[in-house]
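[1] how would this look folded up:
(one chain, ligands or ions: 1)
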Amino acid sequence: MDERVNAASIEDKAGVMTQHELAIMGSSSAIGILGGTFDPIHIAHLRLAIEAREALSLAQVLFVPAGQPPLRKPPQASAAQRLAMVTKALSAMPEFTDIFLVDEAEVVTHMASYTVKTLERLRAQYGVRRPLVLLMGADAFAKLPLWHRWQDLFGLAHIGVATRPAADTNVLSDNNLYTQVAAWQTNVGAGETATQWSMDSIIQRIGLPADISHAPAGRIVPFSITPLAVSSTLIRQRLAAKHNVRHLVSDHVLDYIATHSIY
Ligand code: ATP
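    Down below sits the predicted model:
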């Protein structure tokens, strides 16, 4: 991927970029990575990307649909369908052309999707100095110690944690990351967290958006987004019940779901 970003073309696309924003969109500005099952992609995923880009001054956001997510039951839509839905959702936002991109690698390998592997690949692609920010909702962050080689993630990227309403999760609804980290012990058991990675070493990583540009990886940066109690589960349930989901997913995605009778 070409990491040179042409300021004039960004201005054309974004329309209202300030000089400050243009300055931070240079070749060293951070790249966001939003992995997910996207079964299907919905408005909260898109808002997460939009608001993360603003809050964390990201040059681009890569949407990375998981091939076979290892920690959950198989998605209802095929990998190809989930990839198609992400592509369609992004194509409906022309102002983000060249800013929001789809990374197909996990989908095309047909292997179990491990974020650490994806980050190793992207780190090789972007070089050792470029700040990378793995984006996730607070529900995903709360389960981080279940992820394959999760400690290695901090050497590869920052982690940007978005507030998410607790509607369908057991995540604490306040936006206090300290509490979230403490909740790891009840979510996944105290063992590894307590012995190998003290709470302190995690808490020391918590930083501010401005920290992202000072290092390529290693910080945990909370940021708040417009709360939207939407989930793919909710969309699937509504569709299964023949309820309307317009405006919860993009129209192009809705048409695709209907055409292919996915849910
Ligand atoms: P499902 O209901 O099938 O578990 P989901 O809606 O959580 O799906 P995923 O594709 O698993 O969607 O999520 C991808 C990422 O988007 C995760 O990091 C998740 O935390 C985040 N995310 C999803 N929905 C929201 C939301 N409403 N607010 C904030 N973050 C969200």
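[2] and the protein, which residues reach the ligand?
    36-39, 44-45, 48, 136-137, 139-140, 162, 164, 228, 230-233 (Cβ under 6 Å from any ligand atom). For the C-beta atoms, the positions are set from N, CA and C on the backbone; glycine is no exception.
[3] are any of those residues buried, and which?
    36-39, 44-45, 48, 136-137, 139-140, 162, 164, 228, 230-232 (16 or more other Cβ atoms under 10 Å).
[4] tell me which of those fall in helices.
    44, 45, 48, 139, 140, 232 (DSSP state H).
[5] got any ranges where the stretch 151-263 of the chain has weak pLDDT?
    Of all residues in the stretch 151-263 of the chain, those with pLDDT under 70 make up the ranges 164-200.
[6] now do 80
    163-203 (pLDDT under 80).
[7] how about residue 64, secondary structure?
    Classification of residue 64 using DSSP: H, G, I helix; E, B strand; the rest coil returns strand.
[8] all helices for the stretch 101-250 of the chain, in order.
    Along the stretch 101-250 of the chain, counting by DSSP state H, counting those that start in this stretch, helices occupy 105-109, 115-126, 138-142, 153-156, 177-188, 191-195, 199-203, 232-240.
[9] packing partners of whatever helix or strand residue 82 lives in?
    Element membership for residue 82 (DSSP states H and E) is helix 79-91. If contacts are counted by 3 or more Cβ pairs under 8 Å, 6 or more residues apart in numbering; DSSP states H and E, helix 79-91 sits against strand 60-65, strand 100-102, helix 105-109, helix 251-260.
[10] quick one: closest of the ones you listed to residue 93.
    strand 100-102 (6.7 Å; Cβ to Cβ).
[11] buried residues in the closest one?
    Judged by neighbour count using 16+ other Cβ under 10 Å, the buried positions of strand 100-102 are 100, 101, 102.
[12] how many residues are close by residue 85?
    Residues lying near residue 85 (other Cβ atoms under 10 Å) number 26.
[13] for the one 10 residues further on, same thing?
    A count of nearby residues for residue 95, using other Cβ under 10 Å, gives 12.
[14] doesn't it fall inside a helix?
    Yes - applying three-state DSSP, one finds residue 95 inside a helix.
[15] which residues touch residue 154?
    Contacts for residue 154 (Cβ atoms under 8 Å, 6 or more residues apart in numbering) come out as 205, 217, 218.
[16] quick check: residue 88 touching residue 252?
    Yes - if you go by Cβ atoms under 8 Å, residue 88 and residue 252 touch, sitting 4.1 Å apart.
[17] between those two, which has more neighbouring residues?
    residue 88 (20 against 16).
[18] mind checking pLDDT for the more buried one?
    Residue 88 carries a pLDDT value of 98.
[19] and the residue of the stretch 51-200 of the chain nearest the ligand?
    residue 137 (2.3 Å; Cβ to the nearest ligand atom).
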